[in-house]
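>>> turn this into a structure:
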Amino acid sequence: MTNHTADPVRWGFAGPGRIAAALATELVEIVPGGVLHAVGSRSAERAQAFADRFGAPRAHGSYRGLVEDPEVDVIYVATPHPQHHALALAAIDAGKHLLIEKAFTATLAGAQQIVDAATAAGVFVMEAMWTRFQPAMVQLRELIAAGEIGEVRSVRADLGLVKPFDPTDRLWDPAQGGGAMLDLAVYPVSFVQSVLGDSRLGGRADVVHVSGSIASNGVDAESSILIGFGDRHGVASSSLLTRLPGGAAVYGTDGWIEVPPRFHHPDRVIVHRRDGDGEAPAEEIAAPATGRGYSHEFHEVHRCLAAGLLESPVMPLTDTLAVMDILEKSLHGLGIDLAEDTRAMGH
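Residues are numbered from 1 along each chain as shown. Sure, this is the predicted structure:
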């Protein structure tokens, strides 16, 4: 693996959409040691417009051109979910490191293939679950590890928004991996898994039960997932039909920790400790993110590359696979079977 401690990390962005623009803003304005060097899109015009906007010297009118660019070190994949698989495998074959948007892929098998290919090639891959790198989440993990709420027994998290049904919109289009599961449920599921899953044991859940509703075109509209890890459990809810509060909480034998809305980019945590038979005054701990919060995952990629790591200890690939396992089982429980886009690199 290349060590990037001296030279800047040269980023290539695949997919010049809204989320990519948000991340590019932070990479350019906040993150030292990283540069936006190239942009790839199926549309040469969109790639050039994005490159011009953020000062990237290269624009490719295909993902193939971006993957084969010899001056790109890391590719950030921000295309629709089913396209991640083929694009990532091509990038790994070209020796590129990867930051892949969540949900990582459309299928568990596709995620496993990426992990296996990256391991064999010796390149770094990380899921872009920015929530795990937020200062408030770091604080949460430290409080749990310190035993501030005793033994953790259960977790809950929810995330929802109102998105009027439109089968041509990406969020409602099954061909693009649409539905609440991959875009929204991935957040509460990953939160539950990060607290209850044991990466040393593969981080997998023992039990996955789901209840939800399906849109007229077969896309999942909302769901609640009961996730069991041994004798502990979590509940993850998501919706495209209702604006759920977006809160999360971790419950222990000696108290609980609240992550106020919206938990996927929090600025504080609130600790509720048991005091004898009652409850001590709540302690609010402020831990705001830098900028909008995307810079923290860039810092983690740079840190891992400099250290020669093939994965992040904060967002390990075992956790990514465990989350994909829960998402896929939940989709199957709702009667939905997604597939990877095998034509993604054919443009």
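>>> can you give me the helices for the stretch 201-347 of the chain?
In the stretch 201-347 of the chain, the segments counted as helices under DSSP state H, counting those that start in this stretch are 295-307, 317-333.
>>> and the ones you listed, which is most packed in?
For the helices of the stretch 201-347 of the chain, the largest average neighbour count (mean count of other Cβ atoms under 10 Å) is found in helix 317-333, namely a mean of 23. For every residue, glycine as well, the C-beta is placed using N, CA and C.
>>> by contact count, what packs against that helix?
The helices and strands touching helix 317-333, judged by 3 or more Cβ pairs under 8 Å, 6 or more residues apart in numbering; DSSP states H and E, are helix 108-121, strand 125-127, helix 186-196, strand 207-214, strand 220-229.
>>> quick check: angle from the first one to helix 317-333?
On the basis of axes from the mean of the first three to the mean of the last three Cα atoms, to 10 degrees, helix 108-121 is oriented at 160 degrees to helix 317-333.
>>> tell me the gap between helix 108-121 and the middle of its chain.
For helix 108-121, the gap between its own C-alpha mean and the chain's C-alpha mean amounts to 17 Å (Cα atoms, centre = their mean, to the nearest Å).
>>> per-residue confidence for the residue nearest to Leu161 when sequence neighbours are not counted?
Nearest residue to Leu161, sequence neighbours excluded (Cβ to Cβ, 6 or more residues apart in numbering): Arg243, at 5.5 Å. If you check Arg243, the pLDDT there is 97.
>>> and what of Asp173?
pLDDT, Asp173: 96.
>>> what of Gly278?
The model reports Gly278 with a pLDDT of 69.
>>> what does Ala6 give?
59.
>>> out of the helices and strands packed on helix 317-333, flag the one nearest Gln176.
strand 220-229 (13.5 Å; Cβ to Cβ).
>>> tell me the buried residues in the closest one?
Neighbour counts over strand 220-229 (16 or more other Cβ atoms under 10 Å) mark 220-227, 229 as buried.
>>> can you check stretch 271-290 too?
Using 16+ other Cβ under 10 Å as the test for burial, stretch 271-290 gives 271-273, 289.
>>> in CSV, list these along with pLDDT and distance to Glu45.
Below are the buried residues of stretch 271-290 laid out as CSV (pLDDT from 0 to 100; distance: Cβ to Cβ, whole Å):
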residue, pLDDT, distance to Glu45
Val271, 98, 51
His272, 96, 53
Arg273, 94, 57
Ala289, 97, 33
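>>> need the max-distance pair from the residues you listed.
Maximum pairwise distance in the buried residues of stretch 271-290, criterion Cβ to Cβ, is 25.2 Å, between Arg273 and Ala289.
>>> let me see the contact set for Val271.
Going by Cβ atoms under 8 Å, 6 or more residues apart in numbering, Val271 touches 143, 148-149, 255, 257-258, 282-285.
>>> and Ile19, what does it touch?
Contact analysis of Ile19 by Cβ under 8 Å, 6+ apart lists 78, 101.
>>> again with Glu283
Residues near Glu283 by Cβ under 8 Å, 6+ apart: 270-271, 273.
>>> if we use 10 Å, what do you get?
Contacts here follow Cβ atoms under 10 Å, 6 or more residues apart in numbering; on that basis Glu283 touches 143, 148, 255, 257, 269-273.
>>> nearest to His332, of these?
Relative to His332, the closest of the contacts of Glu283 is Ile257; by Cβ to Cβ it sits at 32.0 Å.
>>> correct me if wrong: that closest one contacts Ile270.
Yes: if you go by Cβ atoms under 10 Å, Ile257 and Ile270 touch, sitting 7.0 Å apart.
>>> who's more crowded, these two?
When Ile257 and Ile270 are compared on other Cβ atoms under 10 Å, the one with more neighbours turns out to be Ile257, at 25 against 14.
>>> that one pairs with what?
Beta-bridge partners recorded for Ile257 (DSSP bridges): Val250, Val271.
>>> chain center to stretch 129-143: distance?
How far stretch 129-143 lies from its chain's middle: 13 Å, per Cα atoms, centre = their mean.
>>> one more: stretch 68-87?
On the basis of Cα atoms, centre = their mean, stretch 68-87 sits 15 Å off its chain's mean C-alpha point.
>>> surely Val35 meets Phe298?
No: here Val35 lies out of contact with Phe298, judged by Cβ under 10 Å, at a distance of 11.1 Å.
>>> between these two, what contacts are shared?
By Cβ under 10 Å, 6+ apart, Val35 and Phe298 have these common neighbours: 9, 11, 27.
>>> distance check, the residue nearest to Tyr63 when sequence neighbours are not counted against Gln48.
Leaving aside its chain neighbours, Tyr63 sits nearest to Gly40 (5.0 Å; criterion: Cβ to Cβ, 6+ apart). Per Cβ to Cβ, to the nearest Å, Gly40 is found 11 Å from Gln48.
>>> of those two, which one has the most company?
Using other Cβ under 10 Å, the more surrounded residue of Gly40 and Gln48 is Gly40, with 31 against 18.
>>> just to revisit the earlier point, got the buried residues of strand 220-229 as CSV, with pLDDT and distance to Ala136 columns?
As requested, the buried residues of strand 220-229 are exported to CSV (pLDDT from 0 to 100; distance: Cβ to Cβ, whole Å):
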residue, pLDDT, distance to Ala136
Asp220, 98, 29
Ala221, 98, 30
Glu222, 98, 26
Ser223, 98, 26
Ser224, 98, 24
Ile225, 98, 23
Leu226, 98, 26
Ile227, 98, 22
Phe229, 96, 23
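>>> can I get these in JSON lines including distance to Ile214?
Shown next, in JSON lines, are those (distance: Cβ to Cβ, whole Å):
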{"residue": "Asp220", "distance to Ile214": "6"}
{"residue": "Ala221", "distance to Ile214": "6"}
{"residue": "Glu222", "distance to Ile214": "9"}
{"residue": "Ser223", "distance to Ile214": "9"}
{"residue": "Ser224", "distance to Ile214": "14"}
{"residue": "Ile225", "distance to Ile214": "15"}
{"residue": "Leu226", "distance to Ile214": "18"}
{"residue": "Ile227", "distance to Ile214": "20"}
{"residue": "Phe229", "distance to Ile214": "27"}
